[in-house]
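Asks: quick one, what's the 3D model for this:
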Amino acid sequence: MNKIYLLPIALLLFFVQSTFAQTTNKDQIENVHTPTNGIFQADPTIFYHKGNYYLYGTNGDQHEQQGFKVYQSKDLDSWVSPEGVNSGFAAVKGDIFGSKGFWAPQVWFENGKFYMAYTADEHIAIAVGDAPTGPFKQTAKVPIATGQKQIDPFVFRDKDGKKYLFHVRLKEGNRIFVAELKSDYSGIKEETLKECLHAELPWENTANAEWTVSEGPTVIRGGKYYYMFYSANDFRNKDYAVGVAIAENIYGPWKKLEGQPALSRKNSGFAGTGHGDIFKKGKQWYYVCHTHFSDEKVAPRRTAIVPIQFVANSSGVLVPQFDTAKFRFLSTDQRSRQPRKSYQTDVAFGDPFIVFDPPSDQYYLYGTGGTENGFIAYSSKDLKTWKKEGKVYDAKQPNGWGEKDFWAPEVYRVNNKYYMYYSAHWKENPKKHLENYRIGVAVADSPLGPFKDLTGKPIFDPGYPIIDANVFRDTDHRNYLFYSRCCYEHPVESEIATWAEKKLGYKNIEESWVYGVELDSSMTKVIGNPVLLMRPPVMMNDAQSEWESRSVTSGEVNRRWTEGSFLVKENGLYYMMYSANYFAGANYAVGYATATAPLGSYQKSASNPIIEKNTNRGGVVSGTGHNSLFQDKEGKIRCVYHGRTLKTGDQRIVFISDVFFDEKGQLNIFTD
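Replies: The predicted model follows:
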């Protein structure tokens, strides 16, 4: 079986980095997480067999819960989705016991067969298959025990060959029990049944519920100790978390370790972190678990893994510590077989931004245009049919600081408030600059406003015009603002500038650059000084120079842009998307760069540009750019951007496209 693990003495030499366990201020703008692709399997387990990892769990997508899907990977990074023999399912209703509630599977290999223990109809059953991808079946479709409701099975085989069933019984709460299994898995030896533990500590019942919950047990053995990883609190509670108990005998007594919970939203950064399984890759231990979809929405729950180190405590006992600095979500290999979509809407916006709002179960679209001195919004249930909702921000208000050119709004929902970051021309302009742009933030009680400026002035004044705010909150609770310094009065020396002076007669070439700066916990004030992150290439032989300089080399204008930045984090890597070339021209296009930290340094992708005009290959779209990413209600990541068509002319129209990351980690936007 795949769960017989012995912890080597060498683990005594391991030390784990301290984890992030910052508490948050009630007034801070919390959990502004950028979207990510993901696998949505709750109660997950990972099984390794002959060079492949197999992931199973409680299905979290929109399919009927008719069994168990299986995902496959060779490296834990790129997952093929899904790989079960029955339309992605390794086990399906009809082949196995149960009619509903297919939860919390576990898979192991024994004597040439693959076994799956699982929950259905709040009872436990075991199915058998010839391959990890299924089909798993039962000759007699019955549970291993009747009567008392039981869930969350975990089968453990000890060094002496005896098999045990750890599971949860719904009796005066969710309580974890253990019993020896019969050798043929037909049932348990009733006389061996014994309770292991139940929720009784403050962290295990933060809601003070009468029905307490301890569940999701998984057990390994290391030296003389058995280690049980379990979860407590209702799974819908944001404080759903993981604890660890140890025992010298499989029947206990089980002693809960100090300093619990070991894994929770406080150190993972995500609500509802728990119910998983422990496994190894080589010598490295991992815990696979789920989190809530977001702070506002429980389902579909997202699948993640986090490394574990075992460190000796003051008594010499090896204690598991979760390295949550390396906590990451799993995602499928987006080369996949699923059809990809790209389509044009009928909304005439520039710089579009879409957010899904769980309370109203609607999407809201914001952008540049449609009104004077402010912003309007559109709403939609399906991303295709959009309703114009009217003006949501008007500069004519007591704290209004802008006077014209209201551009590029982004809206975030936090603690039942909605925060809008935007660019505008600042009234305070004693030197009469033609471009006096800054960035501000306004708040509302509804995604439809009215949004009210918080302070009556921009967030900060760097001393030069800035636009295109993008806000990012990392999993370590640090906050960032990204923006573009305008081209205005910013001439830059480069080989392109020298060439353009000689060939086109331009006096200079002005450039816009992308900067990043840390924000405080309120996300309304900057910390420290801005950091230059990206700029157009200096040398003409730079691989990015051709596409980022088209507006200059075509003689269109004497400016080069790096603007419209948007940051997303995927598998521990930061992807910053940006737009280049003249925003009002045909050559406007999107590229991206990657870094290992939010403030860089960034390396531009060799695959750039990833969104550009298609008129040079028979299409009708040009001027594509200023994009952002969002997550739809099913958890799928999508890209929204503007473009122009032969039919719409100079009018910018909103486009929506699917996003996928390939096996090399490259970011791709499906546009054709």
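Asks: which SS class is Ala497?
Replies: helix (DSSP: H, G, I helix; E, B strand; the rest coil).
Asks: so what's it up against?
Replies: 491, 506, 508-509 (Cβ atoms under 8 Å, 6 or more residues apart in numbering). To be clear about C-beta, it is placed using only N, CA and C from the backbone, and glycine gets the same treatment.
Asks: repeat that for Val514.
Replies: Counting by Cβ under 8 Å, 6+ apart, the residues that Val514 touches are 482-485, 532-535, 562-563, 565, 576, 578.
Asks: tell me how far the one helix or strand it maps to lies from the chain's centre.
Replies: Val514 belongs to strand 513-519 when assigned by DSSP states H and E. Relative to its chain's centre, strand 513-519 lies at 22 Å (Cα atoms, centre = their mean, to the nearest Å).
Asks: please apply the same query to stretch 181-194.
Replies: 41 Å.
Asks: for the stretch 301-450 of the chain, just list every one of the strands.
Replies: 302-312, 318-322, 328-329, 342-344, 350-357, 362-368, 374-380, 387-394, 402-414, 417-426, 437-444 (DSSP state E, counting those that start in this stretch).
Asks: ok, back up a step: out of the contacts of Val514, which are inside helices?
Replies: Using DSSP state H, the subset of the contacts of Val514 located in helices is empty.
Asks: mind checking which of these are buried?
Replies: For these, a burial check counting by 16 or more other Cβ atoms under 10 Å picks out 482-485, 533-535, 562-563, 565, 576, 578.
Asks: so what sits opposite Tyr343 in the bridge?
Replies: Beta bridges link Tyr343 to Ile656 when assigned by DSSP bridges.
Asks: for it, report the pLDDT, please.
Replies: With respect to pLDDT, Tyr343 scores 90.
Asks: ok so, going back, figure out which of the strands of the stretch 301-450 of the chain is closest to Asp474.
Replies: Ranking these by their distance to Asp474 (criterion: Cβ to Cβ) puts strand 328-329 first, at 12.6 Å.
Asks: could you list the paired strands of that closest one along with their orientation?
Replies: Sheet pairing for strand 328-329, using DSSP bridges, gives strand 302-312 (antiparallel).
Asks: dump the partner strand to PDB, restricted to CA.
Replies: The C-alpha trace of strand 302-312 is given here as PDB (Å, rounded to 0.1, in the frame of the first residue of the first chain):
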ATOM      1  CA  ARG A 302      -9.400  24.500  -4.900                       C
ATOM      2  CA  THR A 303      -6.700  21.900  -4.600                       C
ATOM      3  CA  ALA A 304      -3.200  22.800  -3.300                       C
ATOM      4  CA  ILE A 305       0.000  21.200  -2.000                       C
ATOM      5  CA  VAL A 306       2.400  22.400   0.600                       C
ATOM      6  CA  PRO A 307       5.800  20.800   1.600                       C
ATOM      7  CA  ILE A 308       6.300  19.400   5.100                       C
ATOM      8  CA  GLN A 309       9.500  19.200   7.000                       C
ATOM      9  CA  PHE A 310       9.900  17.100  10.200                       C
ATOM     10  CA  VAL A 311      11.900  19.000  12.900                       C
ATOM     11  CA  ALA A 312      12.800  17.800  16.400                       C
END
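Asks: can you give the distance from that strand to the centre of its chain?
Replies: 18 Å.
Asks: from here on, call the first residue 186.
Replies: Sure, I'll start counting at 186 from here, so that last one is strand 487-497.
Asks: what about stretch 539-557, how long is it end to end?
Replies: Chord length of stretch 539-557, first to last residue, is 21 Å (Cα to Cα, to the nearest Å).
Asks: just the buried positions in that stretch, please.
Replies: 539-542, 547-555.
Asks: for the closest residue to Lys573 other than its chain neighbours, give me its contacts.
Replies: Nearest residue to Lys573, sequence neighbours excluded (Cβ to Cβ, 6 or more residues apart in numbering): Tyr563, at 5.6 Å. Counting by Cβ under 8 Å, 6+ apart, Tyr563 makes contact with 532, 549-550, 571-574.
Asks: how near is Tyr563 to Phe339?
Replies: Note on Tyr563: its distance to Phe339, by Cβ to Cβ, to the nearest Å, is 48 Å.
Asks: go on, Glu365?
Replies: For Glu365 relative to Phe339 (Cβ to Cβ), the value is 14 Å.
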